[in-house]
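>>> predicted model, plus sequence, below.
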Amino acid sequence: MPIEKGSNKETRGLIIIFTGDGKGKTTAALGTALRAVGFNFKVLMIQFVKGKYPYGEHTSVKRLTPHFEIIIKGKGYYKLPGDNTPEEEHKRAAHEGLALVRERMHSGDYHLIILDEINIAIHTGLLQVEEVLDLLKEKPPSLHLILTGRNAHPELIAKADLVTEMKEIKHPFKEGVLAQKGIDF
Ligand code: ATP
Ligand code: MG
């Protein structure tokens, strides 16, 4: 079925933030993408900070080509144990991710663009909040954007139309249970 173009005068493109310390931010964005693809909309997810781990979504999204694409623009978790990547490389990857969002945003091809973990990129100083606020100012009116990651910046929250905070009530990690395939990755 043909892809429906993103530029539609009747669509009010929303700025959506999924933040908080509980599980479900990235998966909520993936769920929204699945819904959009059902209408033959085109969706792009750019993953900031995350590296090339074997996430299930990378494989399943390939089955939805050309409706849904995920592009990794991270070098793995920054300043967490096991991170041997120089700060400059992390910063370059984050800026490449932002430039790619800008380019695709203006292509008019997309209904929804997801900036996965961008809140982390800002919180850890890889990106400045002003750079992201500038990007939001350029958003075409009909394009929906989803920004995920804990510690969303207050200025981004102020600009958003929809903000949901995932609040941790329980997480098995706290009981020493490791990440589960198909649930956590
Ligand atoms: P998911 O990708 O499962 O929707 P998320 O995007 O809300 O999770 P992130 O902060 O991106 O959460 O963390 C990614 C990984 O950390 C996932 O494997 C997730 O299950 C796990 N995680 C999320 N919240 C918690 C938590 N409160 N304690 C421990 N691990 C967590
Ligand atoms: Mg996430």
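Right, received. Where do you want to start? Ligands and ions are numbered 1, 2, ... in the order given.

>>> residue ranges with poor pLDDT in this protein?
Within the chain, the ranges that satisfy pLDDT under 70 run 7.

>>> tell me the residues of it that contact ligand 1?
Counting by C-beta under 6 Å from any ligand atom, the chain comes close to ligand 1 at 21-27, 148, 150, 166, 168, 171, 173, 179, 184-185. (Glycine included, C-beta is placed from N, CA and C.)

>>> looking at the residues you listed, which is nearest ligand 2?
If you rank the residues of the chain next to ligand 1 by distance to ligand 2 using C-beta to the ion, Thr26 comes first, at 3.3 Å.

>>> in what element of secondary structure is that closest one found?
Element membership of Thr26, judged by DSSP states H and E, is helix 25-37.

>>> could you do Glu155 as well?
Under the criterion DSSP H and E, the helix or strand holding Glu155 is helix 154-159.

>>> and the contacts of that helix?
Residues outside helix 154-159 that contact it (C-beta atoms under 8 Å, 6 or more residues apart in numbering) are 15, 17, 19, 119, 122, 129, 132-133, 136, 147, 163.

>>> circling back: and the helix or strand just after the helix holding Thr26, which strands flank it?
Next along the chain after helix 25-37, taking DSSP H and E as the criterion, comes strand 43-47. Partners of strand 43-47 in the sheet, by DSSP bridges, are strand 68-72 (parallel), strand 112-116 (parallel).

>>> report the inter-axis angle for the last one versus helix 25-37.
Here strand 112-116 points in a direction 170 degrees away from that of helix 25-37 (axes from the mean of the first three to the mean of the last three C-alpha atoms, to 10 degrees).

>>> ok, is strand 112-116 in contact with ligand 2 or not?
No - using C-beta under 5 Å from the ion, strand 112-116 stays clear of ligand 2, coming no nearer than 6.2 Å.

>>> centroid residue for this structure?
Residue closest to the mean C-alpha point of the chain, counted by C-alpha atoms, centre = their mean, is Asp116 at 1.8 Å.

>>> and it, what is it in contact with?
Contact partners of Asp116, counting by C-beta under 8 Å, 6+ apart, are 26, 29, 45-48, 50, 148-149.

>>> what ranges do the helices span in this protein?
Secondary structure of the chain by DSSP state H: the helices cover 25-37, 56-62, 87-105, 118-123, 129-137, 154-159.

>>> deepest-packed of those helices, please.
helix 118-123 (a mean of 25; mean count of other C-beta atoms under 10 Å).

>>> and it, what does it pack onto?
Judged by 3 or more C-beta pairs under 8 Å, 6 or more residues apart in numbering; DSSP states H and E, helix 118-123 is in contact with helix 87-105, helix 129-137, strand 144-148.
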